[in-house]
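Chemist: From the sequence below, what's the structure:
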Amino acid sequence: MSTKTSDILDDLKEKIMDGVYKGDSKLPTEQELISYYAASRNTVRNVLKELEIEGLIYSRQGSGYYTQDEQIVSSIALRGLSETPYSQTITNKVLKFEKVHADHELSQLFDIPLNNRVIYFRRLRYKSGVPLQLEDSYLPFFLFPTLTKADIEGSIFHYVEVTKKLRIKYARRDYQSILMSEEEKQLMDFPADKPVAAMKTISTNYLDIGRVFERSVVIEPNAMHTDVARRH
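Modeler: Here you go, the predicted structure:
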């Protein structure tokens with residue numbers, strides 16, 4: 001995408017994530033967006049299409065574009081589709097950060113020799129101090145030898161694209177409805193004696209060169225399923 005398109009996309013996405021455009025509210029018209037951003041019609045249409053692909057907006061025939069329900073937007077933001085902390089109320093706490101040896105599955109996934117080093121981390125994501133996601137992720141060490149705990153407490157995608165200057169292309173995701181384990185409930189402050197339903201999202205994230213750079217498993221209680229993927 002051009003810089004102009006990316007700038008408009010990031011601005012609109014931030015406004016949606018931060019509630020400037022409330023859930024299920026109408027976005028400005030194409031012409032209003034063209035005038036506001038001093039952009040071409042094609043640029044604005046590309047931005048709207050991208051937002052629709054990411055699941056943040058939807059179109060009503062003859063009426064225009066509307067933001068998704070606030071719960072869906074929150075779920076998308078927390079699930080790390082863009083991995084950008086648009087709201088300052090979202091924080092990460094790193095529970096584990098270590099280097100492990102790649103097993104057969106990881107060696108195939110990352111296209112590295114068996115037993116090569118892989119970075120593993122577990123973190124809890126909070127919103128306004130409330131634990132909302134538990135994430136386990138793996139990354140190939142040779143791509144990210146300088147990755148630190150501080151990086152993981154922030155945005156992995158920001159580290160990849162800004163610090164490492166690599167281009168992220170898209171993610172493949174599989175979803176499963178599960179009951180949380182005793183350990184997962186304990187980590188997320190749920191009562192041990194009650195079953196808790198959750199969405200398990202397995203994400204395989206790709207660079208634009210086609211290489212897998214991350215495999216993550218996210219447990220999100222009471223999540224709404226939205227089958228979307230990052231593409232920019």
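
Chemist: okay, CA-based contacts and neighbour counts for the rest of this
Modeler: OK.

Chemist: and His104, backbone torsions?
Modeler: His104 adopts backbone torsions of phi -60, psi -40, taken as degrees, to the nearest 10.

Chemist: What of Tyr37?
Modeler: According to degrees, to the nearest 10, Tyr37 has phi -100, psi 0.

Chemist: Contacts only, for the closest residue to it other than its chain neighbours.
Modeler: In space, and not counting its chain neighbours, Tyr37 is closest to Ile8: 7.2 Å by C-alpha to C-alpha, 6 or more residues apart in numbering. By C-alpha atoms under 8 Å, 6 or more residues apart in numbering, the contact set of Ile8 is 37, 44, 47.

Chemist: Relative to the whole chain's centre, how far out is the host helix or strand of Ile8?
Modeler: Taking DSSP states H and E as the definition, Ile8 sits inside helix 3-17. Centroid displacement of helix 3-17 relative to its chain, using C-alpha atoms, centre = their mean, to the nearest Å, is 15 Å.

Chemist: can you list the domain ranges for this structure.
Modeler: 3-68, 78-221 (automatic domain parsing).

Chemist: Adding mean pLDDT, write the ones you listed out as JSON lines.
Modeler: Below are the domains of the chain laid out as JSON lines (pLDDT from 0 to 100):
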{"stretch": "domain 3-68", "mean pLDDT": "87"}
{"stretch": "domain 78-221", "mean pLDDT": "88"}
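
Chemist: then stretch 111-120 to PDB, C-alphas only?
Modeler: The C-alpha coordinates for stretch 111-120 follow below in PDB (Å, rounded to 0.1, in the frame of the first residue of the first chain):
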ATOM      1  CA  ASP A 111      11.800 -24.100   7.800                       C
ATOM      2  CA  ILE A 112      14.700 -24.500  10.200                       C
ATOM      3  CA  PRO A 113      16.700 -27.600  11.200                       C
ATOM      4  CA  LEU A 114      15.400 -29.800  14.000                       C
ATOM      5  CA  ASN A 115      16.400 -28.600  17.500                       C
ATOM      6  CA  ASN A 116      17.400 -25.100  16.300                       C
ATOM      7  CA  ARG A 117      16.600 -22.400  18.800                       C
ATOM      8  CA  VAL A 118      13.100 -21.000  18.900                       C
ATOM      9  CA  ILE A 119      11.800 -18.100  21.100                       C
ATOM     10  CA  TYR A 120       8.800 -19.000  23.300                       C
END
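
Chemist: who's in contact with it?
Modeler: 96-104, 107, 136-142.

Chemist: Would you show me how to pick out the buried ones of the residues you listed in PyMOL?
Modeler: Buried subset of the contacts of stretch 111-120, written as a PyMOL selection, criterion 16 or more other C-alpha atoms under 10 Å:
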select buried, resi 101+102+107+136+137+138+139+140+141
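
Chemist: residues contacting the closest residue in space to Asp174 that isn't next to it in sequence?
Modeler: Among residues not flanking Asp174 along the chain, Ile202 sits closest, at 5.2 Å (C-alpha to C-alpha, 6+ apart). If you count contacts by C-alpha under 8 Å, 6+ apart, Ile202 has them with 173-175, 215-218.
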